[in-house]
Structures are given as structure tokens and as C-alpha cells.
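S.K.: Got a sequence here, can you model it:
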Amino acid sequence: AVSSDHTFGTDAVLLSHFATPKYKDKALDMGTGCGIIPMLWLRDDRQSDIHCLDIQQNAIEQVNASIKVNNLQDRLTPHLCDLREVNSEFPAECFTLVTMNPPYKPVNTGIESLGESARIARHEVCCNIEDAVKAGAYLLTYMGRLCMCHRPERLVDTLATMRQYKIEPKRLRFVVDRQGEEPFLFLVEGKKGAKPFLRVEPTLVIKNEESKFTPEMIEIYGSYADGYEDKIR
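M.R.: Residues are numbered from 1 along each chain as shown. Alright, predicted model coming up:
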């Protein structure tokens with residue numbers, strides 16, 4: 001279920017793929033919106049149960065609707081929760097993987113006349129980088145993984161904040177729309193309590209010269225690519 005308030009985009013699909021849980025991971029998706037990241041993970045029947053949270057009632061209602069439609073009552077648990085107060089909802093160190101596709105726009109930038117749901121989802125009204133990393137640091141077990149995506153201009157902020165909260169950046173991947181362009185997104189994985197060593201992975205290219213998905217993007221979208229025939233062929 002996707003509503004006009006809570007849709008999903010390429011960023012969420014790329015993050016879900018970048019962070020792919022191991023089958024035994026205890027995973028939580030923060031700021032889940034329509035729940036696309038856990039839904040993508042749960043396409044694999046072997047995946048263990050997933051939790052997700054969002055601060056917005058209408059997002060959680062939407063996730064609940066998707067849970068019913070897809071018969072995932074035993075596999076996905078949504079939480080109506082402010083990630084700045086995760087300690088009231090979860091015990092410390094209870095997850096091995098936490099993901100977050102955060103709002104990208106600082107408050108007072110862009111179109112402020114957006115509806116409240118869109119404003120919360122797009123602007124750092126209820127969550128900024130530090131809020132997300134701090135919550136991840138509380139929730140993760142030792143050597144647990146925090147995976148996030150953000151705009152490249154916020155890379156230094158993100159890496160510095162992760163290290164400040166003892167989540168060491170271990171993997172970094174840039175995403176470009178077409179070969180030769182500047183990245184519009186980065187994906188990063190940090191491990192709680194790990195030693196410093198950052199691996200920069202090959203850049204992910206979304207489209208080829210004909211504006212069709214590259215083979216890697218088709219692979220990432222999997223069955224999702226069915227709805228993107230125009231971009232593929």
C-alpha cells in the first residue's frame with residue numbers, strides 16, 4: 001500500500017539492497033514510511049522477523065494495511081514511535097541491523113507549504129542525522145550494522161557523527177544517475193565498536209545512455225522491475 005503521503009523511491013530500494021539482512025539478523029527499519037524496506041526484505045521466506053518504526057500514525061496505518069494484504073502478521077511488527085525516544089519502546093542493544101532513509105532537507109529549506117506528512121518525511125523536522133545515528137547506537141548490539149543513505153553534501157556530517165557515536169563507517173557506495181555524472185546519493189554502513197577501515201565500493205550507475213536501467217539496477221529491483229518495463233527495454 002502506497003499513499004500520496006508515503007510513497008517510496010529509488011533511495012529506499014537501493015538502501016534495502018545495500019543493507020540486505022542476514023537471515024538471522026534482528027533488523028529494524030527506522031522512519032519506515034510505507035514500509036517498503038521491510039517489505040522488500042520479507043520477499044525472501046527465509047528472512048527472520050523484522051521490526052519497523054515511524055513517528056506518523058498514518059504511516060503505521062499504511063504499514064498495517066500492507067501487513068494484512070500480504071499476510072505478514074507474524075513477520076513484521078510496526079511501532080508508532082519517535083526515534084528520538086527509542087529507549088521508551090525498545091531495550092538497549094536489541095538489534096543487529098538498523099536502517100534509516102532519513103529526511104534530506106534541513107528545516108527552512110525548500111517548499112514549506114507541503115502537507116505535514118510530506119514536511120516530516122522530507123525535512124529534518126523530527127529527525128536529523130545525529131538523531132538517527134544516536135538511536136542506532138542505542139539499539140545496536142556490539143558489531144551490529146547501521147545502514148543509511150543521504151545526499152553527498154552531507155557525507156562528512158554523516159561519517160563524523162557515526163564515529164562520534166562509536167559506529168565506525170565500514171562500507172561506502174556512491175550512486176549516479178548516469179556514468180560520468182556527480183553522485184546524487186551515497187549509501188553507508190557502519191559497525192558498532194568496529195576498528196577503522198573504510199571500503200569504498202564501485203559506484204552504482206542507475207541508467208545507461210538510452211535511459212534504461214543498467215543490468216545491476218535490474219538485478220536490484222528484481223521482481224519490482226516488472227513495473228519498470230519502460231526503463232528497462
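S.K.: Go ahead and name everything in contact with stretch 86-96.
M.R.: In this structure, residues lying in contact with stretch 86-96 by CB atoms under 8 Å, 6 or more residues apart in numbering are 22, 25-28, 51, 53, 79, 81, 135, 138-142, 144-145. (Each C-beta comes from the backbone N, C-alpha and C, glycine too.)
S.K.: Those, buried ones only, as a PyMOL selection?
M.R.: For the buried members of the contacts of stretch 86-96, the matching PyMOL selection, counting by 16 or more other CB atoms under 10 Å, is:
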select buried, resi 25+26+27+28+51+53+79+81+135+138+139+140+144+145
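S.K.: Filter the contacts of stretch 86-96 down to the ones in strands?
M.R.: If you go by DSSP state E, the contacts of stretch 86-96 have 27-28, 51, 53, 79, 140-142, 144-145 in strands.
S.K.: Can you pick out the most distant pair from those?
M.R.: The distance between the two most remote of the ones in strands among the contacts of stretch 86-96 (CB to CB) is 23.0 Å, for 79 and 142.
S.K.: The residue nearest to residue 19 when sequence neighbours are not counted: neighbouring residues, count only.
M.R.: Nearest residue to residue 19, sequence neighbours excluded (CB to CB, 6 or more residues apart in numbering): residue 147, at 3.6 Å. Residue 147: 24 surrounding residues under other CB atoms under 10 Å.
S.K.: Starting from the helix or strand hosting residue 147, tell me which strands it pairs with and how they run.
M.R.: If you go by DSSP states H and E, residue 147 is part of strand 140-150. In the sheet, strand 140-150 lines up against strand 95-100 (parallel), strand 185-192 (antiparallel) (DSSP bridges).
S.K.: Make JSON lines out of those strands and add mean neighbour count.
M.R.: Below are the strands paired with strand 140-150 laid out as JSON lines (neighbours: other CB atoms under 10 Å):
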{"stretch": "strand 95-100", "mean neighbour count": "25"}
{"stretch": "strand 185-192", "mean neighbour count": "22"}
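S.K.: Any idea which of the ones you listed gets closest to residue 68?
M.R.: strand 95-100 (23.1 Å).
S.K.: in the protein, which spans are helices?
M.R.: 10-18, 36-41, 57-69, 116-122, 129-139, 155-164, 215-221, 229-232 (DSSP state H).
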